[in-house]
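Asks: Provide a 3D model corresponding to the input given below.
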Amino acid sequence: MAYTDLRDWIKQLDKAGELRRIREAVSPYLEMAEIADRAAKLGKGTAKAGGPALLFENVTGFPGAKVLMNQFGSDRRMRLALEVDSLDEIAGRIEVLLHPPTSEGFLAKLKLLPMLAEVGNYFPKTIAAKDAACKQVVHRRVEDGGQGIDLRKLPVLTTWPEDGGPFITLPCVVTRDPKSGKRNVGMYRMQVYDGETAGMHWQRQKNAAEHLRDRLRAAAQSSAAEGCANDAAMRVDLMAQTAGGTVAAENTATIPATTLTKISDDRMEVAVAIGTDPATTFSAIVPAPPEVEEYLIAGFLRGKPVELVQCETVDLQVPAHAEYILEGYVNLSELRTEGPFGDHTGFYTMQDEYPVFHVTCLTHRTDPIYAATVVGKPPMEDAWMGKAVERIFLPLMRLTLPEIVDVCLPPEAVFHNLMIVSIRKSYAGHARKVMHGIWAMGQAMFTKCIIVVDEDCDVQDLAEVTLRVANNIDPERDIQFTLGPVDTLDHASRMPNYGSKMGIDATRKWAAEGFTRPWPQMLKQDASVVAKIDALWKKLGIE
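Replies: From the prediction side, this is the model:
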């Protein structure tokens, strides 16, 4: 059965022997992060890699608070979280939905009805506020007649010494597409500035940032009285001057006064859930197609709809059984310095300008449990989350690139820096077509390096991949470079968010690709000899 909430998930972790309760006094300033980092690196390279989940029950400076960390930090826990025996099971379910069996005849079609009924069970449903655990305690601003809001009363972690402050690291950030009305749930770190404001680190190419840009574009609608007959030209000018809403306009003289007023007065509503059931938390990091709501993905992963509740002060719906809900808004024209932050690249992300989240209401459960993670040099908790994304994303990649056999995103390359792809090569230049197809595919556009190998190479075996690459390429011929958007966290690119990428064609070269030399066979033992030695192996006493 699907986990109802974070507490249900914690009970399962405890029952499975995957949870350690930390009763010693530990500070959220650096100390919790150090413990979680050490735990995440336990058993590296073994079946027990990842250490246990950690529930801190004695938080220095926050009497009564509890903090959960490393909840997803092992292969077993990731499978427990998604309630599968293998992460590939989820990919299999997605494949069936994307490509249902071809049915001929009335009876065959009737067999598809249970599948359609099952899909109907994934859609979220809204429940009454009285039934929503996240509303057990409600804090409103003083100016709204409440007792006040103070984010600093939450046990928010500072994870690395040079961090710009405490950061909320596992938030489910809810926004709404102003054009389609679709809700989006993303995960963007949030630096707590003071009791009522926090940074909103949605990277330029993420859905929530696009929602803000759409609001900017809407504000740029001109009128004939302002002497601008071309709305599109004004939108182009606004996007260029503000670098897509990420910097202040360079020359406001070209922007009509009414547009500037609209931008300065306009707000975009945002809500943040902290401490949700594992499928809902995980869905916030899945690179879903823009038209698919993450709440629906969470329902699919759970096999049960996510229960939502209407917010108190903004027109958004949030997970009804979350531990904490933050409601508020960002101003379209307001940016503030955010960072530095010790990131999953193993380096600090430097300071930059990001929107400011203003809290208008804070609700939470009685005795709430704060959920957090720490990122840094891999392997860490996010390595296991990334592996799950890799398996789930595969069938979606095959929708566009059906020649793909498998993909691997090594955690040491922090996922967006390296993708290894095996393909069924069918024509000259096929590997390069796949590279460009990946760079054109949603969040995969950030992939800095792509290695393409033939279908007989196991991309999960990095030793085998290394052997293929080292032996199969002529560097001048088989490596290509291109320019495009890169991850905001990439500190090596020539400019922020824009730089070069590399593709390596490590497939066997064909005469049709201009390769005229003979291509040798790879070594492979005779099958009968292998079978004979398999039967003898245990008797030999070698291991």
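Asks: Skip the chain neighbours and tell me the closest residue to residue 307.
Replies: With sequence-adjacent residues excluded and distances taken as C-beta to C-beta, 6 or more residues apart in numbering, residue 307 is closest to residue 320, at 4.4 Å. C-beta here means a position set from N, CA and C on the backbone, and glycine is covered the same way.
Asks: What of residue 326?
Replies: Residue 326 sits nearest to residue 272 (C-beta to C-beta, 6+ apart), 4.1 Å away.
Asks: Wait, that neighbour touches residue 170, no?
Replies: No. With contacts counted by C-beta atoms under 8 Å, residue 272 stays clear of residue 170, the gap being 10.4 Å.
Asks: Now do the same for stretch 440-454: mean pLDDT, whole number.
Replies: Mean per-residue pLDDT for stretch 440-454: 93.
Asks: List the buried residues in it.
Replies: Neighbour counts over stretch 440-454 (16 or more other C-beta atoms under 10 Å) mark 441-454 as buried.
Asks: for the stretch 301-450 of the chain, which spans come out with low pLDDT?
Replies: For the stretch 301-450 of the chain, applying pLDDT under 70 flags no range at all.
Asks: scratch that, the chain is what I was asking about
Replies: For the chain (pLDDT under 70), the answer is 1, 97-119, 204-209, 215, 219-231, 234, 238, 243-265.
Asks: Look through it and tell me its longest strand.
Replies: With secondary structure taken from DSSP state E, the chain has its longest strand at strand 324-338.
Asks: sorry, back to before: check the secondary structure at the residue nearest to residue 326 for me.
Replies: The local conformation at residue 272, judged by DSSP: H, G, I helix; E, B strand; the rest coil, is strand.
Asks: Pairing partners for it in the sheet, please.
Replies: residue 173, residue 326 (DSSP bridges).
Asks: what about residue 418, neighbour count?
Replies: Neighbourhood size, residue 418 [other C-beta atoms under 10 Å]: 18.
Asks: so who does the closest residue to it other than its chain neighbours touch?
Replies: In space, not counting the residues next to it along the chain, residue 418 is nearest to residue 449; the distance is 4.8 Å by C-beta to C-beta, 6+ apart. Neighbouring residues of residue 449 by C-beta atoms under 8 Å, 6 or more residues apart in numbering: 413, 417, 418, 419, 501, 502, 503, 504.
Asks: Would you mind measuring from the fifth one to residue 446?
Replies: When distance is defined by C-beta to C-beta, to the nearest Å, residue 501 is 9 Å away from residue 446.
Asks: what is in contact with these two at once?
Replies: Joint contacts of residue 501 and residue 446 (C-beta under 8 Å, 6+ apart) are residue 486.
Asks: tell me, what residue is most central in this structure?
Replies: Against the mean C-alpha coordinate of the chain, by C-alpha atoms, centre = their mean, the closest residue is residue 285 at 2.3 Å.
Asks: before we move on, what SS does that one have?
Replies: Applying three-state DSSP: residue 285 is coil.
Asks: go on, the one 4 residues further on?
Replies: When the structure is split into helix, strand and coil by three-state DSSP, residue 289 lands in coil.
Asks: Which phi and psi values does it adopt?
Replies: Note on residue 289: its backbone torsions stand at phi -60, psi 140 [degrees, to the nearest 10].
Asks: hmm, back to that, export the buried residues of stretch 440-454 to a markdown table and append columns for distance to residue 484.
Replies: Listed next are the buried residues of stretch 440-454 as a markdown table, based on distance: C-beta to C-beta, whole Å:
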| residue | distance to residue 484 |
| --- | --- |
| 441 | 12 |
| 442 | 13 |
| 443 | 13 |
| 444 | 11 |
| 445 | 7 |
| 446 | 9 |
| 447 | 10 |
| 448 | 10 |
| 449 | 13 |
| 450 | 12 |
| 451 | 18 |
| 452 | 17 |
| 453 | 23 |
| 454 | 26 |
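Asks: Go through the residues you listed and say which is closest to residue 490.
Replies: residue 448 (6.8 Å; C-beta to C-beta).
Asks: Check the gap between the closest one and residue 286 for me.
Replies: Distance of residue 448 to residue 286, given as C-beta to C-beta: 21 Å.
Asks: same question, residue 140
Replies: According to C-beta to C-beta, residue 140 and residue 286 sit 33 Å apart.
Asks: Looking at those two, which one has more neighbours?
Replies: The neighbour comparison of residue 140 against residue 286 (other C-beta under 10 Å) goes to residue 286, with 21 against 18.
Asks: so what's the more buried one up against?
Replies: 294, 297, 389, 392, 393.
Asks: What is the burial count for the residue nearest to residue 307?
Replies: Neighbours around residue 320, by other C-beta under 10 Å: 26.
Asks: All set now, cheers.
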